[in-house]
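K.L.:
have a look at this prediction, sequence included:
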Amino acid sequence: MLTQNVLNNVIIIKMMWKKVSKFGSSLVNQTVQNAKPTFFLNLNSTLGKSLYNCDDRFSTSNPFKERKMKLIVGIDVSKKKLDLSVYNGYQHKALFINNDKKDIEKMLRSFVSEKDDCLFVMEATGVYHLRLATLLHEQGFKVGIINSLIIKRFAQMKMIRAKTDAVDAKLIAEYGYEQKVSLFQPRSIERQKIIKILRAIDALIETKEGYYNRLEALAQDPLQVKSVTKSFKQLIRNAEREISKFEAELLQIVKEHYSDVYDRLLSINGVGVKTAVVIIGFFGKFEDFENSKQVASFIGINPSPSESGSSVRGRGRISKKGNSYLRKQLYMTSLSAMQHNKSCKEFYERLVSKGKEHKVCRVAVVNKLIKQIFAILKYERTYNQDYCKNCLAS
């Protein structure tokens, strides 16, 4: 009797697998290019109920079961439209809408009743995903933002050969269903302002340098046109005036909302005003990071060795898979830290004495500086340049 039951179960499993395989192959071949825009999914319809209330056989491996996530909405974001794939671990429902506030709000009304059981997942796409993610968060929906490189590797793992918006939305939904996704938490308004002003200052500095280069080229020209030279000089003065205005606004925001954090950062030898403002804007008090290694990875200053077996011994280098703006700023800060920060200076000199290259030593100093900044802000400590010696003495 037991043997017969086992055989029956095997037959049932084979039938289920054929059904799922057939469904998967037909799903890959489907297209939504000729479909009309769909603005909502009626969860009370027959299709909606079958999609939402999936078979219990497929819910046992759902990593969101403990968090009661029944629907994952994968979104492929572009400038003009959004491709969505509503996924329950068993079936996909493809939708697409225009990427504007009116259509997004109309679509979200279909998910209001299932707000606690629904997770929206999307790739980070520069500025295009921010409006959607912020709007979802403001309306109380759970949102996850995934690095696009992760989705690319996820597609390679699944041997997906097609590359369309609809396929990407499906992949994003499956990733959100199978993997643990960190929920999106927007920065405070003040920190967002700081970042935007910092970007504006950088753009103005680059523009000003371009004007200086143009003036230098004009100075070498045998035909001097005074009106042109005068115009470029005026543009340079305007850029400098705007930079000064933005810098004053930055200090006002920081001193008004983050005075304690600002003072702690300036107490670290080698950290100047700009570096302190950058750290506050991008990290706050490191609420989203558990340790300094995560911060180094976020910046892209972490080591990336290349070794395999006994034959591959690639030269180690930093990953550079992170925020290039922060990497540039902290790399410049390391020059000051090597001169004025006691522990960083001793660390640099020790590495140089061992024959390490200058750039390698500077990167190591950046990592050490990150550890100091992280400890001071995360644990609200006071900077002490003899902290290590005091620990050894005790």
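P.N.:
Perfect, I can see it now. Residues are numbered from 1 along each chain as shown.

K.L.:
next SSE downstream of the lowest-mean-pLDDT helix or strand in the chain?
P.N.:
Lowest mean confidence among the helices and strands of the chain (mean pLDDT, DSSP states H and E): helix 46-52, at a mean of 41. Next helix or strand after helix 46-52 toward the C-terminus (DSSP states H and E): strand 71-77.

K.L.:
quickly run through the sheet partners of whichever helix or strand comes after that next one, with directions.
P.N.:
Using DSSP H and E, the helix or strand that follows strand 71-77 in sequence is strand 81-87. Strand 81-87 has the following sheet partners, assigned by DSSP bridges: strand 71-77 (antiparallel), strand 92-98 (antiparallel).

K.L.:
my guess is Val73 contacts Cys118. True?
P.N.:
Yes. Using C-beta atoms under 8 Å, Val73 is in contact with Cys118, at 6.5 Å. In short, each C-beta sits where N, CA and C put it, glycine included.

K.L.:
give me the more crowded residue out of the two.
P.N.:
Taking neighbours as other C-beta atoms under 10 Å, Val73 and Cys118 compare with Val73 leading, 26 against 21.

K.L.:
and the more buried one, how far is that from Asp221?
P.N.:
60 Å (C-beta to C-beta, to the nearest Å).

K.L.:
mean confidence for whatever helix or strand Phe282 lives in?
P.N.:
Assigned by DSSP H and E, Phe282 falls within helix 273-283. Mean pLDDT, taken over the full extent of helix 273-283, equals 94.

K.L.:
how close does Gly316 sit to Glu357?
P.N.:
Gly316 sits 11 Å away from Glu357, going by C-beta to C-beta.

K.L.:
and if you look at Val86?
P.N.:
53 Å.

K.L.:
Ala169 is in contact with Asp76, correct?
P.N.:
Yes. Look at Asp76 against Ala169 with C-beta under 8 Å: they come within range, at 4.2 Å.

K.L.:
overlap in contacts, those two.
P.N.:
83-84 (C-beta atoms under 8 Å, 6 or more residues apart in numbering).

K.L.:
count the neighbours of Glu123 for me.
P.N.:
23.

K.L.:
just use 26 as the starting number from now, easier for me
P.N.:
Let's use 26 as the start, then, which means that last one is Glu148.

K.L.:
quickly list what it is bridged to.
P.N.:
In beta-bridge terms (that is, DSSP bridges), Glu148 pairs with Ile171.

K.L.:
who are the contact partners of it?
P.N.:
Per C-beta under 8 Å, 6+ apart, neighbours of Glu148: 101-102, 154, 170-173, 176, 193, 197.

K.L.:
distance of it relative to Gly325?
P.N.:
From Glu148 to Gly325 the distance is 19 Å (C-beta to C-beta).

K.L.:
rewinding a little: ok, the contacts of Glu148 vs Asp285, which is closest?
P.N.:
Ile170 (29.3 Å; C-beta to C-beta).

K.L.:
got a pLDDT number for that closest one?
P.N.:
pLDDT, Ile170: 91.

K.L.:
break this structure into its domains for me.
P.N.:
54-203, 213-282, 287-330+342-419 (automatic domain parsing).

K.L.:
gap between the longest one and the chain center?
P.N.:
Here domain 54-203 shows a centroid-to-chain-centroid distance of 19 Å under the convention C-alpha atoms, centre = their mean, to the nearest Å.

K.L.:
same question, the last one
P.N.:
Computed by C-alpha atoms, centre = their mean, the separation of domain 287-330+342-419 from the middle of its chain amounts to 21 Å.

K.L.:
buried set for the helix holding Phe307?
P.N.:
Of all the residues in helix 298-308, those buried under the rule 16 or more other C-beta atoms under 10 Å are 300-308.

K.L.:
export those to CSV and append columns for distance to Ile219.
P.N.:
Shown next, in CSV, are the buried residues of helix 298-308 (distance: C-beta to C-beta, whole Å):
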residue, distance to Ile219
Thr300, 13
Ala301, 11
Val302, 6
Val303, 8
Ile304, 10
Ile305, 6
Gly306, 3
Phe307, 8
Phe308, 11
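
K.L.:
can you tell me which of those is nearest Arg239?
P.N.:
Val303 (29.0 Å).

K.L.:
wait, doesn't the closest one sit right on Arg352?
P.N.:
No. Using C-beta under 8 Å, Val303 makes no contact with Arg352, being 11.2 Å away.

K.L.:
wait, what's in contact with Glu267?
P.N.:
Leu229 are the contacts of Glu267 under C-beta under 8 Å, 6+ apart.

K.L.:
check which helix or strand covers it.
P.N.:
Short version, using DSSP H and E: Glu267 is in helix 251-282.
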